[in-house]
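Engineer: One predicted model, sequence on top.
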Amino acid sequence: MSNNWRQSRLILSQVFRHRLDLLIPVETIPRAFPRWCLKTLHKVLPTPSTPRGQRLKQAFVELGPVYVKLGQLLSTRRDLLPADIADALADLQDKVPPIANFDVDDFVSTQLGAASESIFSELQQTPLASASIAQVHCATLNTGESVVVKLVRPGIEQAILQDMALLKKLAGFINNKIPGAQRLQLPKVMSDHEAVLLQELTMFGEARNQIQLRRNFADSDLLYVPRVYPEHTREQLLVMERVYGIPI
(Lines give C-alpha, C1' and ligand atoms only; values in the text may rest on other atoms or scores of the structure.)
Protein backbone atom coordinates (compact mmCIF):
# COMPACT_ATOMS: atom_id res chain seq x y z
CA MET A 1 0.00 0.00 0.00
CA SER A 2 1.46 3.39 -1.03
CA ASN A 3 2.11 6.12 1.53
CA ASN A 4 -0.33 8.45 -0.29
CA TRP A 5 -3.13 5.87 -0.16
CA ARG A 6 -2.46 5.15 3.50
CA GLN A 7 -2.45 8.86 4.33
CA SER A 8 -5.64 9.42 2.32
CA ARG A 9 -7.40 6.72 4.33
CA LEU A 10 -6.16 8.31 7.54
CA ILE A 11 -7.50 11.72 6.51
CA LEU A 12 -10.90 10.28 5.63
CA SER A 13 -11.06 8.41 8.93
CA GLN A 14 -10.37 11.65 10.80
CA VAL A 15 -13.04 13.47 8.79
CA PHE A 16 -15.66 10.91 9.77
CA ARG A 17 -14.41 10.36 13.32
CA HIS A 18 -14.50 14.06 14.19
CA ARG A 19 -17.47 14.89 11.92
CA LEU A 20 -15.49 17.42 9.92
CA ASP A 21 -18.01 16.92 7.12
CA LEU A 22 -20.26 19.25 9.12
CA LEU A 23 -17.83 22.09 8.42
CA ILE A 24 -18.76 21.95 4.72
CA PRO A 25 -22.05 23.72 3.92
CA VAL A 26 -24.13 21.49 1.64
CA GLU A 27 -25.22 24.41 -0.52
CA THR A 28 -21.61 25.13 -1.56
CA ILE A 29 -21.28 21.79 -3.39
CA PRO A 30 -21.84 22.53 -7.11
CA ARG A 31 -22.81 19.03 -8.32
CA ALA A 32 -25.96 17.13 -7.37
CA PHE A 33 -24.51 13.71 -6.53
CA PRO A 34 -21.69 14.91 -4.20
CA ARG A 35 -24.22 17.30 -2.62
CA TRP A 36 -26.60 14.39 -1.98
CA CYS A 37 -23.74 12.29 -0.51
CA LEU A 38 -22.76 15.08 1.89
CA LYS A 39 -26.36 15.68 2.91
CA THR A 40 -26.77 11.94 3.60
CA LEU A 41 -23.60 11.89 5.73
CA HIS A 42 -24.92 14.81 7.76
CA LYS A 43 -28.08 12.81 8.48
CA VAL A 44 -26.78 9.29 9.16
CA LEU A 45 -23.62 9.93 11.19
CA PRO A 46 -24.01 10.61 14.95
CA THR A 47 -24.25 14.22 16.04
CA PRO A 48 -21.10 15.29 17.91
CA SER A 49 -21.21 16.95 21.32
CA THR A 50 -17.71 18.49 21.09
CA PRO A 51 -17.50 22.01 19.60
CA ARG A 52 -16.44 22.10 15.95
CA GLY A 53 -13.23 24.02 16.62
CA GLN A 54 -12.06 21.44 19.15
CA ARG A 55 -12.89 18.61 16.73
CA LEU A 56 -10.87 20.22 13.96
CA LYS A 57 -7.95 20.89 16.30
CA GLN A 58 -7.91 17.28 17.51
CA ALA A 59 -7.99 15.98 13.94
CA PHE A 60 -4.96 18.10 13.04
CA VAL A 61 -3.09 16.81 16.10
CA GLU A 62 -3.83 13.19 15.23
CA LEU A 63 -2.85 13.69 11.58
CA GLY A 64 0.60 14.90 12.55
CA PRO A 65 3.05 17.82 12.37
CA VAL A 66 2.28 19.05 8.84
CA TYR A 67 -1.40 19.42 9.68
CA VAL A 68 -0.62 20.97 13.07
CA LYS A 69 1.47 23.58 11.27
CA LEU A 70 -1.38 24.15 8.84
CA GLY A 71 -3.70 24.63 11.80
CA GLN A 72 -1.30 27.17 13.28
CA LEU A 73 -1.36 29.09 10.01
CA LEU A 74 -5.15 28.98 9.82
CA SER A 75 -5.46 30.20 13.43
CA THR A 76 -3.96 33.54 12.38
CA ARG A 77 -6.52 34.05 9.59
CA ARG A 78 -9.44 35.41 11.55
CA ASP A 79 -10.52 37.17 8.39
CA LEU A 80 -11.31 33.75 6.91
CA LEU A 81 -12.34 31.62 9.90
CA PRO A 82 -15.11 31.96 12.50
CA ALA A 83 -13.81 33.09 15.91
CA ASP A 84 -14.56 29.78 17.68
CA ILE A 85 -12.49 27.79 15.17
CA ALA A 86 -9.62 30.28 15.18
CA ASP A 87 -9.57 30.25 19.01
CA ALA A 88 -9.40 26.46 19.13
CA LEU A 89 -6.65 26.26 16.51
CA ALA A 90 -4.61 28.87 18.40
CA ASP A 91 -3.84 26.15 20.98
CA LEU A 92 -1.73 24.45 18.31
CA GLN A 93 0.88 27.20 18.64
CA ASP A 94 2.40 25.62 21.77
CA LYS A 95 -0.04 23.09 23.24
CA VAL A 96 0.53 20.06 21.03
CA PRO A 97 0.89 16.72 22.89
CA PRO A 98 4.59 16.10 23.67
CA ILE A 99 6.68 13.37 22.04
CA ALA A 100 5.61 10.00 23.42
CA ASN A 101 8.13 7.78 25.25
CA PHE A 102 10.86 10.35 24.73
CA ASP A 103 14.13 10.23 26.67
CA VAL A 104 15.27 13.86 26.73
CA ASP A 105 18.65 13.10 28.32
CA ASP A 106 19.46 10.48 25.70
CA PHE A 107 18.42 12.75 22.81
CA VAL A 108 20.43 15.71 24.12
CA SER A 109 23.47 13.53 24.79
CA THR A 110 23.33 12.16 21.24
CA GLN A 111 23.11 15.65 19.77
CA LEU A 112 25.94 17.00 21.93
CA GLY A 113 28.17 13.98 21.48
CA ALA A 114 28.66 14.00 25.24
CA ALA A 115 26.63 13.21 28.35
CA SER A 116 23.98 15.85 29.01
CA GLU A 117 25.26 16.09 32.60
CA SER A 118 28.52 17.52 31.27
CA ILE A 119 26.60 20.62 30.11
CA PHE A 120 23.44 20.77 32.22
CA SER A 121 23.11 20.51 35.98
CA GLU A 122 19.33 20.16 35.46
CA LEU A 123 17.30 19.15 32.41
CA GLN A 124 13.57 18.78 32.92
CA GLN A 125 11.91 15.76 31.32
CA THR A 126 8.47 17.41 31.06
CA PRO A 127 8.37 20.02 28.27
CA LEU A 128 7.54 23.65 28.96
CA ALA A 129 5.82 23.84 25.57
CA SER A 130 5.31 21.53 22.61
CA ALA A 131 4.53 22.38 19.00
CA SER A 132 4.48 20.69 15.60
CA ILE A 133 8.20 20.72 14.79
CA ALA A 134 9.89 20.94 18.19
CA GLN A 135 9.33 21.05 21.92
CA VAL A 136 11.02 23.11 24.63
CA HIS A 137 12.48 21.96 27.96
CA CYS A 138 13.71 24.06 30.84
CA ALA A 139 17.29 23.46 31.98
CA THR A 140 20.16 24.91 33.98
CA LEU A 141 23.71 25.03 32.70
CA ASN A 142 26.55 23.80 34.87
CA THR A 143 27.69 27.43 34.89
CA GLY A 144 24.43 28.40 36.59
CA GLU A 145 22.47 30.11 33.80
CA SER A 146 18.76 29.31 33.41
CA VAL A 147 18.07 28.23 29.81
CA VAL A 148 15.55 26.52 27.59
CA VAL A 149 16.44 23.68 25.23
CA LYS A 150 14.52 23.40 21.97
CA LEU A 151 14.50 19.89 20.47
CA VAL A 152 13.40 18.93 16.95
CA ARG A 153 11.00 15.98 16.94
CA PRO A 154 12.77 12.75 15.82
CA GLY A 155 11.80 11.51 12.35
CA ILE A 156 9.94 14.71 11.54
CA GLU A 157 11.57 15.33 8.13
CA GLN A 158 10.35 12.08 6.59
CA ALA A 159 6.85 12.67 7.95
CA ILE A 160 6.78 16.16 6.43
CA LEU A 161 7.92 14.95 3.00
CA GLN A 162 5.31 12.16 2.94
CA ASP A 163 2.43 14.35 4.08
CA MET A 164 3.33 17.25 1.80
CA ALA A 165 3.52 14.94 -1.24
CA LEU A 166 -0.15 14.09 -0.70
CA LEU A 167 -1.21 17.67 0.08
CA LYS A 168 0.48 18.98 -3.07
CA LYS A 169 -1.35 16.39 -5.17
CA LEU A 170 -4.63 17.30 -3.49
CA ALA A 171 -3.97 21.02 -4.08
CA GLY A 172 -3.31 20.31 -7.77
CA PHE A 173 -6.52 18.30 -8.07
CA ILE A 174 -8.62 21.05 -6.46
CA ASN A 175 -6.91 23.70 -8.58
CA ASN A 176 -7.69 21.82 -11.82
CA LYS A 177 -11.13 20.39 -11.08
CA ILE A 178 -13.04 22.90 -8.93
CA PRO A 179 -14.26 26.10 -10.61
CA GLY A 180 -12.89 29.26 -9.02
CA ALA A 181 -10.25 27.41 -6.99
CA GLN A 182 -7.44 28.90 -9.08
CA ARG A 183 -7.73 32.21 -7.22
CA LEU A 184 -6.58 30.43 -4.03
CA GLN A 185 -3.28 29.38 -5.69
CA LEU A 186 -3.26 26.20 -3.61
CA PRO A 187 -0.31 24.50 -5.39
CA LYS A 188 1.90 27.51 -4.63
CA VAL A 189 0.58 27.73 -1.06
CA MET A 190 1.44 24.08 -0.44
CA SER A 191 4.91 24.42 -2.00
CA ASP A 192 5.62 27.45 0.18
CA HIS A 193 4.27 25.61 3.21
CA GLU A 194 6.65 22.70 2.57
CA ALA A 195 9.63 25.04 2.14
CA VAL A 196 8.89 26.80 5.43
CA LEU A 197 8.50 23.51 7.29
CA LEU A 198 11.81 22.16 6.00
CA GLN A 199 13.60 25.38 6.92
CA GLU A 200 12.41 25.01 10.51
CA LEU A 201 14.13 21.63 10.88
CA THR A 202 17.60 23.06 11.37
CA MET A 203 18.33 24.81 14.62
CA PHE A 204 21.52 26.28 13.16
CA GLY A 205 19.44 28.55 10.93
CA GLU A 206 17.18 29.60 13.78
CA ALA A 207 20.20 30.27 15.99
CA ARG A 208 21.83 32.48 13.33
CA ASN A 209 18.62 34.48 12.87
CA GLN A 210 18.17 34.93 16.60
CA ILE A 211 21.79 36.03 17.11
CA GLN A 212 21.43 38.60 14.32
CA LEU A 213 18.11 39.83 15.71
CA ARG A 214 19.70 40.24 19.14
CA ARG A 215 22.45 42.34 17.58
CA ASN A 216 19.93 44.48 15.72
CA PHE A 217 18.02 45.29 18.93
CA ALA A 218 20.99 45.40 21.32
CA ASP A 219 20.25 48.99 22.36
CA SER A 220 16.47 48.86 22.08
CA ASP A 221 13.98 49.30 24.92
CA LEU A 222 11.20 47.87 22.75
CA LEU A 223 12.39 44.31 22.23
CA TYR A 224 14.56 41.90 24.19
CA VAL A 225 15.93 38.91 22.29
CA PRO A 226 17.18 35.95 24.40
CA ARG A 227 20.85 35.07 24.15
CA VAL A 228 21.73 31.97 22.15
CA TYR A 229 24.44 29.56 23.35
CA PRO A 230 25.98 28.53 19.99
CA GLU A 231 28.58 26.31 21.67
CA HIS A 232 25.76 24.03 22.83
CA THR A 233 23.56 24.32 19.71
CA ARG A 234 23.36 21.49 17.18
CA GLU A 235 21.35 20.61 14.04
CA GLN A 236 18.37 19.44 16.11
CA LEU A 237 19.05 21.23 19.38
CA LEU A 238 18.97 24.94 20.30
CA VAL A 239 19.98 26.29 23.70
CA MET A 240 18.95 29.83 24.61
CA GLU A 241 18.54 32.06 27.62
CA ARG A 242 15.28 31.64 29.52
CA VAL A 243 13.25 34.83 29.86
CA TYR A 244 9.88 35.46 31.49
CA GLY A 245 7.05 37.47 30.02
CA ILE A 246 3.50 37.53 28.69
CA PRO A 247 2.91 35.72 25.37
CA ILE A 248 1.65 38.03 22.62
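Structural biologist: Great, that's in hand. Residues are numbered from 1 along each chain as shown.
Engineer: low pLDDT regions in this structure?
Structural biologist: The model of the chain has pLDDT under 70 over residues 1-4, 28, 178-181, 184, 248.
Engineer: quick one: the spatially most distant residue from the centre of it from residue 26, how far?
Structural biologist: Residue distances from the centre of the chain (Cα atoms, centre = their mean) peak at residue 32, which lies 36.0 Å from the mean C-alpha position. Distance of residue 32 to residue 26, given as Cβ to Cβ, to the nearest Å: 11 Å. Every residue, glycine included, has its C-beta placed from N, CA and C.
Engineer: One more: residue 111?
Structural biologist: 51 Å.
Engineer: Of these two, which one has the most company?
Structural biologist: With neighbours defined as other Cβ atoms under 10 Å, residue 111 and residue 26 compare such that residue 111 has more, 19 against 15.
Engineer: Name all residues that make contact with that one.
Structural biologist: Listed by Cβ atoms under 8 Å, 6 or more residues apart in numbering, the contact set of residue 111 reads 151, 234, 235, 236, 237.
Engineer: gap between the longest helix along the chain and the chain center?
Structural biologist: In the chain, ranked by residue count with DSSP state H as the criterion, the top helix is helix 156-177. In terms of Cα atoms, centre = their mean, to the nearest Å, the centre of helix 156-177 is set 16 Å apart from its chain centre.
Engineer: and if you look at stretch 231-242?
Structural biologist: Using Cα atoms, centre = their mean, the offset of stretch 231-242 from its chain centre is 20 Å.
Engineer: Check stretch 54-61 too.
Structural biologist: 12 Å.
Engineer: Ok, stretch 191-199 next?
Structural biologist: 12 Å.
Engineer: May I see the buried residues of stretch 228-245?
Structural biologist: 228, 229, 232, 233, 234, 236, 237, 238, 239, 240, 242 (16 or more other Cβ atoms under 10 Å).
Engineer: from those residues, which is closest to residue 220?
Structural biologist: residue 228 (17.2 Å; Cβ to Cβ).
Engineer: ok, that closest one to residue 6 distance?
Structural biologist: 39 Å.
Engineer: same check, this time on residue 36
Structural biologist: Taken as Cβ to Cβ, the span from residue 36 to residue 6 is 29 Å.
Engineer: now swap in residue 30 and tell me
Structural biologist: In terms of Cβ to Cβ, residue 30 sits 30 Å off from residue 6.
Engineer: ok, now residue 20?
Structural biologist: From residue 20 to residue 6 the distance is 19 Å (Cβ to Cβ).
Engineer: higher neighbour count, the two?
Structural biologist: Counted by other Cβ under 10 Å, residue 20 and residue 6 do not tie: residue 20 has more neighbours, with 17 against 12.
Engineer: so what's the more buried one up against?
Structural biologist: Contacts of residue 20 (Cβ under 8 Å, 6+ apart): 14, 55, 56, 59.
Engineer: Give the burial count for the first one, as a bare number.
Structural biologist: Going back to what we said before, that points to residue 14. 19.
Engineer: residues near the nearest residue to it once chain neighbours are set aside, how many?
Structural biologist: Leaving out its chain neighbours, the residue that sits closest to residue 14 by Cβ to Cβ, 6 or more residues apart in numbering is residue 59, at 4.4 Å. Residue 59 is flanked by 19 other residues according to other Cβ under 10 Å.
Engineer: From here on, call the first residue 20.
Structural biologist: Taking 20 as the first residue, the last one we looked at is residue 78.
Engineer: Let me see the ranges of the helices in this structure.
Structural biologist: 22-36, 51-63, 71-82, 84-94, 102-109, 123-131, 175-196, 205-218, 222-235.
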